[in-house]
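Trainee: Provided below for reference: sequence and predicted model.
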There are 2 protein chains.
Amino acid sequence: MRTVYHQQLDELTGQLGQMCGLAGVAMKRATQALLDADADAANRVIRDHARIVALRQQAEGKAFALLALQQPVAGELRAVFSAIQILADTERMGALAVHVAEIARREYPQQLLPAEVRECFAGMAKVAIMLGDSAKRVLISRDPQEAARLHEQDDAMDELYRRLFTELIDGEWKHSIPAAVETALLGRFYERFADHAVEVGRRVTFMVTGELPSEDEISAY
Amino acid sequence: MRTVYHQQLDELTGQLGQMCGLAGVAMKRATQALLDADADAANRVIRDHARIVALRQQAEGKAFALLALQQPVAGELRAVFSAIQILADTERMGALAVHVAEIARREYPQQLLPAEVRECFAGMAKVAIMLGDSAKRVLISRDPQEAARLHEQDDAMDELYRRLFTELIDGEWKHSIPAAVETALLGRFYERFADHAVEVGRRVTFMVTGELPSEDEISAY
């Protein structure tokens, strides 16, 4: 029975890892759609999101079955408990990539982002993709030290996000109002993607150690 | 033992309901901070968020203990399973109210919102507060019909949110870039607050019926 339990738990965390991986790929393609005005890439992100949603449904069913049939306790219960919480974060990561793709597609064939923020977005995308990948690896390795590093990686996102808003709020924005509004929302989508990846790391830490690392101060931007 | 179980489950859903209630109050005060440039109201929202965070921690511990000690199955397991998922939504509702309060406080003593969108925000706040209250009541009543009505109430939010973005994107925005950016982000915070309340309703429906209502199409704005 324990063997079956561990096999099912590995399948569950494997599915969550797969969702993080797919969300990272989606963010990579969504960024391509945004920076290269590539409508095909945008359409693919939107179409492929169904895979993340399907994986979530499967993983949710598996977590429920594990609780119902195996009635885990202690560390094993913590693992399923954390997995249930991680489900929402990983699906949301995919949904945020879809948001980026939708905005890119709506503006097609126009280049949406002004030149002075393109580098910032390329940087935010790089961090987001790295975080999606780290979250995936941490779900498999369940290494608390690796999980803690997600938080450090997120500092780079916070820095880029602040820089973007300095450009928008304090800077001399020479472009249209719609471009400013869309740039702000897009920035927020990348930043939230990173937050959810960090949250995966926190939950994996709880899974392994029974201690939940404290959250960062929340901030509107 | 069943009696103890039901008492603990009632306490758990009661705490979740309390979190929704507090989030609704926080959104009401944050809106007051925003519309009346009331820094005291903003500070209170930010300070009081600790209560929501503490309740979440308590509720999370209770859900874990319920699974560990009572090992519920079938409908009773569904109830705890749903509660674990609702935890994140209710805390996030509070955090979104904090975001609104933070932006209002940063602009104090200035009036942040241009006259032409104030009515829209008053409307979004009204819907958000109503949804917080509905989510609270649904957690106590566990009535699937009442839960379904949260989705209908959210239609009013979607309509107001669309109107706001029409003003920002297609309209003739006569105000500054920072005001446009903050208006867009603020609008998004109200709309996400409503989404999380609707999600509470979906999870309560699963709790009672074992069927999870389908999600809306996701949309960037």
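Mentor: Good, I have the coordinates.
Trainee: make it CA atoms for all contacts and neighbour counts henceforth
Mentor: Will do.
Trainee: just the residues of chain A that are near chain B, which are they?
Mentor: Applying Cα under 8 Å from any Cα of the partner chain, we find that chain A lies next to chain B at A:64, A:67-68, A:71-74, A:77, A:81, A:84-85, A:88, A:95-96, A:98-100, A:102-103, A:168-170, A:173, A:177-178, A:180-181, A:184-185, A:218-220.
Trainee: Restricted to helices, list those residues.
Mentor: Of the positions in the residues of chain A next to chain B, A:64, A:67-68, A:74, A:77, A:81, A:84-85, A:88, A:95-96, A:98-100, A:102-103, A:177-178, A:180-181, A:184-185 sit in helices, assigned by DSSP state H.
Trainee: Which of the residues of chain A next to chain B are buried? Put it as a PyMOL command.
Mentor: Typed into PyMOL, the line below selects the buried ones among those, using 16 or more other Cα atoms under 10 Å in any protein chain shown:
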select buried, chain A and resi 64+67+68+71+72+73+77+81+84+85+88+95+96+98+99+100+102+103+168+169+173+177+178+180+181+184+185+220
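Trainee: A:Asp154 is in contact with A:Val127, correct?
Mentor: Yes: checked against Cα atoms under 8 Å, the pair A:Val127 and A:Asp154 is within contact range at 7.4 Å.
Trainee: Give me the common contacts of those two.
Mentor: A:Ala194 (Cα atoms under 8 Å, 6 or more residues apart in numbering or on different chains).
Trainee: all strands for chain A, in order.
Mentor: With DSSP state E as the definition, chain A shows no strands.
Trainee: where does it dip in pLDDT?
Mentor: Applying pLDDT under 70 to chain A flags the ranges A:1-2, A:216-221.
Trainee: what ranges do the helices span in it?
Mentor: Along chain A, counting by DSSP H, helices occupy A:2-35, A:39-70, A:74-107, A:115-141, A:144-165, A:177-209.
Trainee: Distance to B:Gly201 for those helices - can I get that in TSV?
Mentor: Shown next, in TSV, are the helices of chain A (distance: least, Cα to Cα, whole Å):
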stretch	distance to B:Gly201
helix A:2-35	24
helix A:39-70	18
helix A:74-107	15
helix A:115-141	29
helix A:144-165	32
helix A:177-209	22
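Trainee: Quick one, which of those gets closest to B:Glu199.
Mentor: Taking Cα to Cα, helix A:74-107 is the member of the helices of chain A nearest to B:Glu199, at 11.0 Å.
Trainee: for that closest one, packing partners?
Mentor: When contacts are defined as 3 or more Cα pairs under 8 Å, 6 or more residues apart in numbering or on different chains; DSSP states H and E, helix A:74-107 packs onto helix A:2-35, helix A:39-70, helix A:177-209, helix B:39-70, helix B:74-107.
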